[in-house]
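Participant: Below are the sequence and a predicted model; questions follow.
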Amino acid sequence: MNLRSGRLKGQMNKEVADFTSSLKFDHRIFQADIRCNQAHTTMLIEQEIIPSEIGNRIIKALEELEKEGIKALKLDSAVEDIHMAVENYVTAKIGPDAGFMHTAKSRNDQVATDLKLALKEEIKSIEKDLIFFIQIIIQMAEEYLDTIMVGYTHLQHAQPTTFAHHLLSYAQALKRDYGRLHDAYQRMDLCPLGSAALTTTSFPINRERTAELLGFKGPMENSIDGVSSRDFIAETVFALTLLGTTLSKISEELIVWSSYEFQMVELGDEFSSTSSIMPQKKNPDVAEIVRAKTALLNGELVTILTIIKSLPQSYNRDLQEVTPHLWKVTDTLHSALNITREMLASTNFKGVRGEELARANFSAATELADLMVKEGRLPFRIAHQIVGRAVSTALDKGMRAEDIDTQFLDEISQEISGKKLQIDENLVKKALDPEEIIKSRKVVGGPAPDMVKASIKDLKIFIDENSSS
Ligand code: ARG
């Protein structure tokens, strides 16, 4: 049956029909649309709004469609969208009684419901893979608990830490990404079905029942909001964009750290490429592609926000144009997530190099200043000045950190504060040793192996609590 034949005389020409059709991306809600129709029809029967004999034939036709799959639908752009294609299929199977299926239902509440159903599935699947990623990081952190590296600020040597501690910074970022996604899921878990076009219906429908049949917590509270809102999409895309940001940052570090200058990590060959002309090359192409592809998310987020910001309440066809951006985001993010996880798992951190860098460039300076506060009872600001001068003098003289001793420090201290500190030589040596520094950072969130182990324990609890859902 042609939807237009009542009100309209002319047909759209093909170009206009193609331009306005959502069929190019409606396959994403094919299953959801069947479920939605089944739940709605079941409720119509239960409420005695339609005869059960007709309702059952509709449900049976929908079951057949589910078995046959989307290829059973006639999908040309004259059909407009998947909702009409499904209705046409049921009509072809059982005749004009199929029209009862659309009692007290509009495509407006239907598409909103379908999108939520499909997106909820997608979020669950991403959440599962995200939990798996955090598990992989935990396994790696356990392996690298004592592996020293230098931590950077401004990409300059800052303080010693361990690779495990650094890895757990990824895990915490991913845990928050998970939380944001989970929150978005909880908020969207209310069913728009029954909003109909915008003001519900005078048929005695049971919205609690359809919500229940479709696995939602309950119905949405306001029917105009039910057909208007796509903030659940914007919110999910935002959460995924931030997750993409985390993946991009991880990739960026792998790119930089695998360079000859850093030589801190070696990526698996299966995540590397070579050059068509330079035979010696091992390039981090996969990480670069992750870094670039996740940029798409930022753009899609802005597109989605821009489409919805100027719309009056209730359904506007603009809303249809939000959808393809959503699926681009979920597809891109999902593959980037899994690839980044496997790429990181393939990465070998070079412990010898990590320690060499941690010892090379005065990354113990903060600890030395702290020692002067503890042992020399100096205000930190003065200690900071003395150590800063000690480092610049050492650099001028071509000395290394391990060449610094009590006598050298006292000469500088004398110059700056007018007194010698006479700190025990052993304590000075200890303060200059990255391993000792790391061990001494026994503060919550710090790199001491015991603290990292405590963090791992908490993360494992988080994983246990979130694995089954
Ligand atoms: N294809 C449309 C979409 O994705 C379905 C709803 C159409 N509703 C309408 N009143 N034209 O939003």
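Facilitator: Okay, I see it.
Participant: going forward, measure contacts and count neighbours with C-alpha atoms only.
Facilitator: Will do.
Participant: Nearest residue to the residue in the chain positioned nearest to the ligand in space, ignoring adjacent ones along the chain?
Facilitator: At 3.6 Å from the ligand, Q320 is the closest residue in the chain, using CA to the nearest ligand atom. Excluding the flanking residues, the one nearest Q320 by CA to CA, 6 or more residues apart in numbering is S22, at 7.0 Å.
Participant: close enough to count as contact, the one you found and M84?
Facilitator: No - contact criterion CA atoms under 8 Å: S22 and M84 do not qualify, at 11.1 Å.
Participant: Need the overlap of contacts for these two.
Facilitator: The overlap between the contact sets of S22 and M84 (CA atoms under 8 Å, 6 or more residues apart in numbering) is empty.
Participant: returning to what we had before: tell me how many other residues surround the residue nearest to Q320.
Facilitator: 19 (other CA atoms under 10 Å).
Participant: cool, and P434?
Facilitator: Using other CA under 10 Å, P434 has 24 other residues around it.
Participant: What sits closest to it if chain neighbours are left out?
Facilitator: That would be P160: by CA to CA, 6+ apart, it lies 5.6 Å from P434.
Participant: for A184, same thing?
Facilitator: Using CA to CA, 6+ apart, the closest residue to A184 is T236 (5.9 Å).
Participant: host element of that neighbour?
Facilitator: helix 231-257 (DSSP states H and E).
Participant: cool, and A158?
Facilitator: Assessed by DSSP H and E, A158 sits inside strand 156-162.
Participant: Write out the residues of the stretch 201-350 of the chain neighbouring the ligand.
Facilitator: 317, 319-320 (CA under 6 Å from any ligand atom).
Participant: Now pLDDT, secondary structure and neighbour count too, for these, in JSON lines please.
Facilitator: Below are those laid out as JSON lines (pLDDT from 0 to 100; DSSP: H, G, I helix; E, B strand; the rest coil; neighbours: other CA atoms under 10 Å):
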{"residue": "R317", "pLDDT": "97", "secondary structure": "helix", "neighbour count": "10"}
{"residue": "L319", "pLDDT": "98", "secondary structure": "helix", "neighbour count": "20"}
{"residue": "Q320", "pLDDT": "98", "secondary structure": "helix", "neighbour count": "17"}
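Participant: okay, those in a markdown table with distance to Q38 next?
Facilitator: A markdown table is the format used below for these (distance: CA to CA, whole Å):
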| residue | distance to Q38 |
| --- | --- |
| R317 | 25 |
| L319 | 24 |
| Q320 | 23 |
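Participant: with those residues in mind, which one is nearest to N2?
Facilitator: Nearest to N2 among these is R317, at 19.4 Å by CA to CA.
Participant: Could you count how many residues lie near E402?
Facilitator: 14.
Participant: sorry, back to before: give me every residue that touches the residue nearest to Q320.
Facilitator: S22 is in contact with 80-82, 320, counting by CA under 8 Å, 6+ apart.
Participant: now do 7 Å
Facilitator: Counting by CA atoms under 7 Å, 6 or more residues apart in numbering, S22 touches 80-81, 320.
Participant: so A234 makes contact with I304?
Facilitator: Yes - judged on CA atoms under 7 Å, A234 makes contact with I304 at a distance of 6.5 Å.
Participant: State the distance from I255 to V16.
Facilitator: The spacing between I255 and V16, counted by CA to CA, to the nearest Å, is 46 Å.
Participant: ok, which stretches of the protein are strands?
Facilitator: Taking DSSP state E as the test, the strands found in the chain are 148-153, 156-162, 190-191, 218-219, 265-266, 348-349.
Participant: what's the second one in contact with?
Facilitator: Spelled out, that is strand 156-162. If you take CA under 7 Å, 6+ apart as the criterion, strand 156-162 is touched by 145-152, 358, 361, 363-364, 434, 438, 447.
Participant: Check which helices and strands the longest helix belonging to the chain sits against.
Facilitator: Using DSSP state H to assign secondary structure, the helix with the most residues in the chain is helix 107-143. Helices and strands touching helix 107-143, by 3 or more CA pairs under 7 Å, 6 or more residues apart in numbering; DSSP states H and E, are helix 30-46, helix 163-188, helix 223-228, helix 323-345.
Participant: can you put these in JSON lines and add mean pLDDT and mean neighbour count?
Facilitator: Formatted as JSON lines, these follow (pLDDT from 0 to 100; neighbours: other CA atoms under 10 Å):
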{"stretch": "helix 30-46", "mean pLDDT": "98", "mean neighbour count": "22"}
{"stretch": "helix 163-188", "mean pLDDT": "98", "mean neighbour count": "20"}
{"stretch": "helix 223-228", "mean pLDDT": "98", "mean neighbour count": "23"}
{"stretch": "helix 323-345", "mean pLDDT": "98", "mean neighbour count": "19"}
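Participant: interface residues of the stretch 51-200 of the chain facing the ligand?
Facilitator: Within the stretch 51-200 of the chain, the positions adjacent to the ligand are 81, 107-108, 111 by CA under 6 Å from any ligand atom.
Participant: Among those, name the buried ones.
Facilitator: Those of these that meet the buried threshold are 81, 107-108, 111, by 16 or more other CA atoms under 10 Å.
Participant: could you pull out the helices for the stretch 351-469 of the chain?
Facilitator: 351-360, 365-376, 380-397, 406-417, 425-431, 434-440, 449-467 (DSSP state H, counting those that start in this stretch).
Participant: Save those as JSON lines, and put in distance to the ligand and mean pLDDT too.
Facilitator: Formatted as JSON lines, these follow (distance: least, CA to the nearest ligand atom, whole Å; pLDDT from 0 to 100):
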{"stretch": "helix 351-360", "distance to the ligand": "53", "mean pLDDT": "97"}
{"stretch": "helix 365-376", "distance to the ligand": "58", "mean pLDDT": "95"}
{"stretch": "helix 380-397", "distance to the ligand": "62", "mean pLDDT": "96"}
{"stretch": "helix 406-417", "distance to the ligand": "72", "mean pLDDT": "95"}
{"stretch": "helix 425-431", "distance to the ligand": "64", "mean pLDDT": "95"}
{"stretch": "helix 434-440", "distance to the ligand": "56", "mean pLDDT": "97"}
{"stretch": "helix 449-467", "distance to the ligand": "32", "mean pLDDT": "97"}
